[in-house]
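1. Sequence first, predicted coordinates after that:
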Amino acid sequence: MDFSDFLYMGQEIGLVVLFVFLFLCDTFCSEKGKKYFQVVAVSLFTVLTAYGVCPSIPTGEAFGGLYISSSMTILMKNILNVATLIVFLQSHKWLSSEGTVHKQGEFYLITLVTLLGMYLMVSAGNFMMLYIGMETASLPLACLAAFNKYNEKSAEAGVKFILIAALSSGIMLFGLSFLYGGLGTLYFSDMSVGVMTSPLVILGFVFFFGGLGFKLSLVPFHLWAADVYEGAPTPVTAYLSVVSKGAAAFALIFALYKVFGSVELVWHHILWWLAVITITLGNLFAIRQTDIKRFFAFSSISQAGYILLGIIAGTTQGMTATVYFVLVYLFSNLAVFGVIAAVEHQAKGDTRIAAFNGLYKSNPVLALVMMLAVFSLGGIPPFAGFFSKFLIFAAAYSEGNYILVFIALLNTVVSLYYYLLIVKAMFIHEKEEDAVSKFRVDPYNRVSLFICVAGIFVVGILSGLYEWIGTLSFGI
């Protein structure tokens, strides 16, 4: 083995070093020293995130093609890093509260392990590497979902997540065995040469996609999402809805474009119908929700359907639009969960939509941030969500998916209706007698919300950002 291969894994090595350092701090520091643990963890992870944008990170293949580092994979990891950093900031108040203050180290360490698995998913050049990355990310996520172990809903969320994760893992492995039997290899570069529309390969793809569909919470692999999102701690829900979903979307892009690009007719119809069903059911079920975390669980399912629109295009334009969409979704959705975390803490764990009634009177800034975030998720101009939806529709339309784009547009109107229900609750409904009074958001969460709001505006305005992502897509 050539040890120079490790040079391509700078971000992974940095993450492992950070993990070991925080583990030693959490294990050996005194109680007085642990008071600064969150500050140290967030500061060091910020440094790691900044390192990701360093232009000197080498690109190439390592370990015989098992691991691939390119400008696009580095960008994708940076997007995951930014989302994780925002989640860390939003977790401060929760981790400082009674019952979790002694588990701060566990939260950060487990989260870093999941992020390492997602790194491997994005940089995989072999389906087994992709599977190992998926398992490395999924198993610790179950621990995070059940983090409040004395809370019945949190424990239920952890159990449901691990059971569905195990099932999806088995389905994926079953599909990979078919692909190996049909093609004789699991390396992306070798499979793309010999891939064909044989029944064995088609069946292998279907099972593989079923396993990855769980991570994306696509219909019919979505049934876990609402219960897990509701039961898990709110920062964990935010992490699941953005970071986990983004990593799965990036991994799916590479698998389809690099391996199955020559048999697009096979997966195009599968993804077409899944996109329609996922967007539609996600929107319809969101309307019926009274708990805001379940509400945004179904919103997240619907957004996963929109992600498929860019992937279906099967072009560099589609890939660019998908990466851009995930970037915008990151800021919009994390802004939502930052507000939910702040209100939930003041409302003593109440996550009903009714708890947001009259929020404009008790905290007008939070109400404004939530309004901007849901407008961006709904695709209302001039926010970044409008441009991300427009570009992903344009990518699908350019490849002749006219009916699909029309159905997606109709669903966008439906989504505007239920997003406005949140705005109506905050600005029009009178607050309940036991609703939260005026309060201030903790400084960490304020920083996270500022980053999210800046992203909602700036990412949409900077057209050069989309063009830059497009230049990276041509190298795939």
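-> Cool, the structure landed. Treat the numbers as computed from the prediction; the structure is a model and nothing was measured.
2. which residues in the stretch 51-200 of the chain form helices?
-> Under the criterion DSSP state H, counting those that start in this stretch, helices of the stretch 51-200 of the chain are mapped to 71-90, 92-96, 104-123, 127-145, 152-183, 188-194, 199-216.
3. Tabulate the ones you listed in JSON lines, adding columns for distance to residue 375 and mean neighbour count.
-> No exception for glycine: its C-beta is placed from N, CA and C like everyone else's. What follows is those, written out as JSON lines (distance: least, Cβ to Cβ, whole Å; neighbours: other Cβ atoms under 10 Å):
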{"stretch": "helix 71-90", "distance to residue 375": "19", "mean neighbour count": "23"}
{"stretch": "helix 92-96", "distance to residue 375": "25", "mean neighbour count": "20"}
{"stretch": "helix 104-123", "distance to residue 375": "29", "mean neighbour count": "23"}
{"stretch": "helix 127-145", "distance to residue 375": "29", "mean neighbour count": "22"}
{"stretch": "helix 152-183", "distance to residue 375": "29", "mean neighbour count": "18"}
{"stretch": "helix 188-194", "distance to residue 375": "39", "mean neighbour count": "16"}
{"stretch": "helix 199-216", "distance to residue 375": "24", "mean neighbour count": "21"}
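4. how about low-confidence regions in the stretch 201-350 of the chain?
-> For the stretch 201-350 of the chain, the stretches with pLDDT under 70 are 261-265.
5. which residue ranges form the helices in it?
-> Remark: helices of the stretch 201-350 of the chain, listed N- to C-terminal, are 223-231, 234-239, 245-258, 264-287, 292-313, 316-346; assignment by DSSP H, counting those that start in this stretch.
6. mind checking which of these is nearest residue 126?
-> Among those, helix 245-258 comes nearest to residue 126, with 10.9 Å by Cβ to Cβ.
7. Let me have the helices of the stretch 201-350 of the chain in a markdown table, extended by mean neighbour count and distance to residue 92.
-> Conversion of those to a markdown table gives the following (neighbours: other Cβ atoms under 10 Å; distance: least, Cβ to Cβ, whole Å):
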| stretch | mean neighbour count | distance to residue 92 |
| --- | --- | --- |
| helix 223-231 | 23 | 21 |
| helix 234-239 | 27 | 9 |
| helix 245-258 | 23 | 22 |
| helix 264-287 | 19 | 29 |
| helix 292-313 | 26 | 19 |
| helix 316-346 | 25 | 10 |
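8. which stretch among the ones you listed comes nearest residue 379?
-> With respect to residue 379, and counting by Cβ to Cβ, the nearest of the helices of the stretch 201-350 of the chain is helix 292-313 at 9.0 Å.
9. returning to that earlier point: pipe the helices of the stretch 51-200 of the chain into JSON lines and attach distance to residue 60 per row.
-> Shown next, in JSON lines, are those (distance: least, Cβ to Cβ, whole Å):
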{"stretch": "helix 71-90", "distance to residue 60": "11"}
{"stretch": "helix 92-96", "distance to residue 60": "38"}
{"stretch": "helix 104-123", "distance to residue 60": "11"}
{"stretch": "helix 127-145", "distance to residue 60": "15"}
{"stretch": "helix 152-183", "distance to residue 60": "24"}
{"stretch": "helix 188-194", "distance to residue 60": "13"}
{"stretch": "helix 199-216", "distance to residue 60": "26"}
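10. can you give me the angle the helix or strand harbouring residue 24 makes with helix 71-90?
-> Counting by DSSP states H and E, the element that carries residue 24 is helix 10-28. Interaxial angle, helix 10-28 versus helix 71-90 (axes from the mean of the first three to the mean of the last three Cα atoms, to 10 degrees): 30 degrees.
11. Give me the mean pLDDT for helix 10-28.
-> For helix 10-28, mean pLDDT is 87.
12. contact partners of that helix?
-> Contacts made with helix 10-28 from outside it, assessed by Cβ atoms under 8 Å, 6 or more residues apart in numbering, are listed as 6, 33-34, 37, 40-41, 44-45, 48, 51-52, 57-58, 74, 77, 104-106, 108-109, 112-113, 115-116, 119-120, 123.
13. Could you check how many residues crowd around the residue nearest to residue 155 when sequence neighbours are not counted?
-> The spatial neighbour of residue 155 that comes closest, neighbours along the chain excluded (Cβ to Cβ, 6 or more residues apart in numbering), is residue 146 at 5.3 Å. A count of neighbours around residue 146, defined by other Cβ atoms under 10 Å, yields 24.
14. distance of residue 146 from residue 297?
-> Counting by Cβ to Cβ, to the nearest Å, the gap from residue 146 to residue 297 is 17 Å.
15. Could you do residue 317 as well?
-> 30 Å.
16. again, but for residue 410
-> From residue 410 to residue 297 the distance is 22 Å (Cβ to Cβ).
17. cool, residue 283 as well?
-> The spacing between residue 283 and residue 297, counted by Cβ to Cβ, is 12 Å.
18. again with residue 105
-> From residue 105 across to residue 297, the span is 28 Å (Cβ to Cβ).
19. circling back: any chance of the helices of the stretch 201-350 of the chain in CSV, plus distance to residue 212?
-> Conversion of the helices of the stretch 201-350 of the chain to CSV gives the following (distance: least, Cβ to Cβ, whole Å):
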stretch, distance to residue 212
helix 223-231, 14
helix 234-239, 18
helix 245-258, 6
helix 264-287, 12
helix 292-313, 11
helix 316-346, 14
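20. Quick check: nearest residue in space to residue 142, chain neighbours excluded?
-> Counting by Cβ to Cβ, 6+ apart, the nearest residue to residue 142 once its immediate chain neighbours are dropped is residue 162, at 4.0 Å.
21. If you could redo that for residue 416, that was the one I meant.
-> residue 378 (4.7 Å).
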